[in-house]
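1. quick one, structure for this:
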Amino acid sequence: MTNPDHDPTKSAEIALDAYEQRAIGLQTITYRGSPMLAGMLIRSLLADLAAYAEHAGIDLDVNTLREVARYQQRPSSARTYPINAEVQVRTDVTGTGPVTAMRGKRGYVSAIRPVGSSSVECTVRFPGVPAGEFLLAPSDLFPAQPRFPHITTQAGIVTGAAEAEKALVAVGARVLHAQRTGKEISPDDALGQQQLAEALAAWTGTSPRRVLFGLAREIAQAAFATGSTSDHAAQVAAKDFPPTPNIDAPQPERRTNSPGQRNSPRATHRP
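-> Reported below is the predicted structural model:
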């Protein structure tokens, strides 16, 4: 039975408040009063609900949920993207900053933040790129073509680039643990690491070695968190990964929608 005192709007706000802090994690910004940010947050939540329903075997039309969550075609000035959305940098991005080296590259949105009262900027992560993340205006992006393919591993089906990186960190940590303790590496883990690294490399246009190198720190931290490596996990892990690729590592650059204006490059560091 329906609670006669139930207020759908209030209930939705409570759910979005909790999800916002989980997805964005900043107390200084909020979707309230920003229809653009609210729309991005709702689409991101719908995408996560679809992933949960599929994982838990819930009888829901997850494909419909995903379709609703996906980016809708609009004029470039009104584009928005949810977290984990797979995007590609426009080939006609102007300027001379480091981000211009990413023209045509595929990645995914790892964070969003409002800029002013009517715009946002996206932190886009590019697997296999030394600098890793860049701050970009939505107008600099378009939906990635092709989308990251579904990959079947021993741990399950991986359906997106963000999920693939997360899975690669998990399996890489287990492989690292086996390497450092002299244990036999699980054949499933070895195969899973290879599958995920190769799939991400093919999608982003780089090599599996660069994908693994770009995640060396996260893999070492994940292994250390389970007590499977020494206090110098990051240094030890680096020895098991290839040397830094001989390419310039561009630093993240902040871009806005304001025409004719450029901001100074600003690094974005992951903890």
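2. could you verify my assumption that G128 touches W203?
-> No. Taking Cβ atoms under 8 Å as the definition, G128 is not a contact partner of W203, at 9.5 Å. All C-beta spots, glycine's among them, are computed from the backbone N, C-alpha and C.
3. looking at the two, which one has more neighbours?
-> G128 (24 against 21; other Cβ atoms under 10 Å).
4. and the helices in the stretch 101-250 of the chain?
-> Under the criterion DSSP state H, counting those that start in this stretch, the stretch 101-250 of the chain contains helices at 161-181, 187-204, 208-214, 216-225, 233-239.
5. picking up where we left off before, mutual contacts of G128 and W203, please.
-> Common neighbours of G128 and W203 (criterion: Cβ atoms under 8 Å, 6 or more residues apart in numbering): none identified.
6. residues contacting the nearest residue to Q193 once chain neighbours are set aside?
-> The shortest distance from Q193 to any non-neighbouring residue, by Cβ to Cβ, 6 or more residues apart in numbering, is to V171 (5.0 Å). Counting by Cβ under 8 Å, 6+ apart, V171 makes contact with 153, 155, 189, 192-193, 196.
7. how about a markdown table for the helices of the stretch 101-250 of the chain, with mean pLDDT and distance to M40 added?
-> Converted to a markdown table, the helices of the stretch 101-250 of the chain look like this (pLDDT from 0 to 100; distance: least, Cβ to Cβ, whole Å):
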| stretch | mean pLDDT | distance to M40 |
| --- | --- | --- |
| helix 161-181 | 93 | 15 |
| helix 187-204 | 94 | 23 |
| helix 208-214 | 93 | 26 |
| helix 216-225 | 89 | 25 |
| helix 233-239 | 46 | 33 |
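8. Y108: which of the ones you listed is closest?
-> helix 161-181 (4.7 Å; Cβ to Cβ).
9. and the next helix or strand past the one helix or strand T64 maps to?
-> Taking DSSP states H and E as the criterion, the element that holds T64 is helix 62-69. For helix 62-69, the following helix or strand on the C-terminal side (DSSP H and E) is strand 86-89.
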